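[1] show me how the following folds:
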Amino acid sequence: MKISGQTKPIIGITGTNGKTSTILITEFILQANGLKPLTMASWKGAAHFLRLTEQLQAEDWDCLLVEVPAEALRQKKIAVENFTAGALTNLALDHLATCRTPKQYLNTKASFLNNLCPNAKLIINADDPQALALAQEDHVEYITYATNYPNAMLVAKNIQYRGFTMQFELTVSAEINAFSQTVIAPGSAKTVLPLMGRHNVSNALLAVAIALLCLGDLQAAAESLSRLSGIRRNMEIIAQKPVTIIDDAARNPAALQAALTAVEALNNKRILLLHGIYGRGGNILNQNNARLLSAWLKKHRHNQLYVTSSLHHTNNKHRVRISEEKVFFSALKENGIAFAYYPHLPDAIDSIATEAQTGDLILLLGGPVLDRARDFFAFIPVTSSQNLQNLSFNPT
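    Residues are numbered from 1 along each chain as shown. From the prediction side, this is the model:
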C-alpha cells in the first residue's frame, strides 16, 4: 500500500508530553498496514533531519515522522514550512532550561503553528486549553482529537481500564481529508490499547489521526492498535507478580500526574514510588514535581516515596545539580512528606526491593536519571510467595 500524491508527507509532532510515544505508535500502525515510514522519534539535530528528508524523496519510503522539540524551534534549526502536517500534543510546564519562561515556551511552540505551509494539516489536542488557544491560524486545515471534549473530530468514548490495557470506542465525528484526498467518513471502531492511562489513549488518538491521513481506513488503524507490544519506559510492565513493577519516563508535573492516575486503577496494596530527580530540568520544574508528589502522597499516605539522583548511572547531560536536589527536598519537607533518599541508583533499588511485599507495586517514575533502573531488577515469576525471594537485586 502506498500514499498517493505528488510529494511524500513530512509530519512534525510537537508539544510537551507524548511526542515520542505518538511517533512510535504511528509507526507501528503504518507498518502493520504495509507502509514504510521514516522516523526521528527523538531530535538528533538539523543535519540528521536534512539527511532524512533527502532519504525520504530518494528511496522507497512513504512518509517522515519527526519530533519537533522546543530547542530546535527556538534555535530555528528546522524548516517548518516544509512540513505537510503538524501536530500539537499538549502544553505543560517543562523545557524551561531551553526557553527560560513559560511564556517564551508557549511562543516557541506557537512559531511551529504559525510557519506551517498554506493548506497544511494541523492536528490539535482539544482537551488542552492552551493548545486550542494557539490554534488561531486560518491558512491550515484543522483536525481535533480528544478524550474529554465530545465535539472533537476524533474522540475516544467509553474509556475503561482493563488491567494493564485500555478499552474505548474510537469515533470519527466529522469528515477528514486524507493526504490522498480520500474523504474519511464518520464512523467508529472498538479498540483495545495495550498501554495504561488516559494520557496514552490521547497519544493513540493522535497516532490514529496521523495514520488516517496516510491510510484512510479507520478500522485498519483501530485493529492495529490492539497488536501494539508496548513502548519502553511508557507505563512499561517490567513484572506483574508477586510484585508489579512499572517503569515510566515522566519528568514534569503533568506527566507525573498522568502516570500516578493510571496506576491507581490497578488497586495494588501499596505503591512504592522511586522518583528520579529531573537532572538539568531546573529548579522550578523540580520544585513543582515535588509539590505534585507531595499532594498525591498526602491523599495516599500508605504509599512510600524513594528518591535518587543516580550519580553514577546517568550521563553528564542529565546529571542532577545540587540546587535541583535542594529545591526538591525543601518542597517535600515543607509538605511534611517522609522519603528515603539514595544518591546511587543501585542502593535505591536494593532498598525498595527489600521493602516490597506481595501485592505491592513498584513504580519507577522519572526521566533519564532512571533510564537504567530496570537493569537492576532480575525477576522470576512464581504463583505464590510470602516474601520476595524471587525478586532479586542485581547490582551488575
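
[2] skip the chain neighbours and tell me the closest residue to residue 140.
    residue 122 (4.4 Å; C-beta to C-beta, 6 or more residues apart in numbering). Where C-beta positions appear, they are placed from N, C-alpha and C, glycine not excepted.

[3] regarding that neighbour, what is its secondary structure?
    Applying DSSP: H, G, I helix; E, B strand; the rest coil to residue 122 yields a three-state assignment of strand.

[4] now do the host helix or strand of residue 20: distance to the chain's middle.
    Using DSSP states H and E, residue 20 maps to helix 19-32. Mean-position distance between helix 19-32 and its chain equals 12 Å (C-alpha atoms, centre = their mean, to the nearest Å).

[5] what are the contacting residues of the very next helix or strand once past that helix?
    Note on helix 19-32: by DSSP H and E, the next helix or strand toward the C-terminus is strand 37-40. Contacts with strand 37-40, where a contact means C-beta atoms under 8 Å, 6 or more residues apart in numbering, come from 23-24, 26-27, 30-31, 48-49, 52, 55-56, 61-67, 214.

[6] buried sites along strand 37-40?
    Applying a neighbour-count criterion of 16 or more other C-beta atoms under 10 Å, one finds 37, 38, 39, 40 buried in strand 37-40.

[7] what helices and strands are in contact with whichever helix or strand comes after that strand?
    Where DSSP H and E defines the elements, the next helix or strand beyond strand 37-40 is helix 46-58. In terms of contacts (3 or more C-beta pairs under 8 Å, 6 or more residues apart in numbering; DSSP states H and E), helix 46-58 is packed against strand 37-40, strand 63-67.

[8] in its sheet, what does the first one sit against?
    Translated: strand 37-40. Sheet partners assigned to strand 37-40 using DSSP bridges are listed as strand 63-67 (parallel).

[9] can I get the strand it pairs with as PDB, trimmed to CA atoms?
    Output of strand 63-67 as PDB, limited to C-alpha atoms (Å, rounded to 0.1, in the frame of the first residue of the first chain):
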ATOM      1  CA  CYS A  63       6.400   9.400   4.900                       C
ATOM      2  CA  LEU A  64       8.600  11.000   7.500                       C
ATOM      3  CA  LEU A  65       7.500  11.300  11.200                       C
ATOM      4  CA  VAL A  66       9.600  13.800  13.200                       C
ATOM      5  CA  GLU A  67       9.700  15.000  16.800                       C
END
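
[10] name the next helix or strand downstream of it, please.
    Later in the chain than strand 63-67, the nearest helix or strand by DSSP H and E is helix 70-74.

[11] who's in contact with that next one?
    Under C-beta under 8 Å, 6+ apart, the answer for helix 70-74 is 14, 43, 46, 78, 80, 95, 98-99, 105, 108-109, 111-112.

[12] how about the helices in the protein?
    Secondary structure of the chain (DSSP state H): helices at 19-32, 46-58, 70-74, 96-99, 102-114, 129-134, 198-215, 218-225, 253-264, 283-299, 322-334, 345-355.

[13] what's next to the helix holding residue 20, contact-wise?
    13, 36-37, 39-42, 62-63, 65-69, 87, 89, 195, 200, 203-204, 206-208, 210-211, 214-215, 221, 224-225, 227-228, 231, 234.
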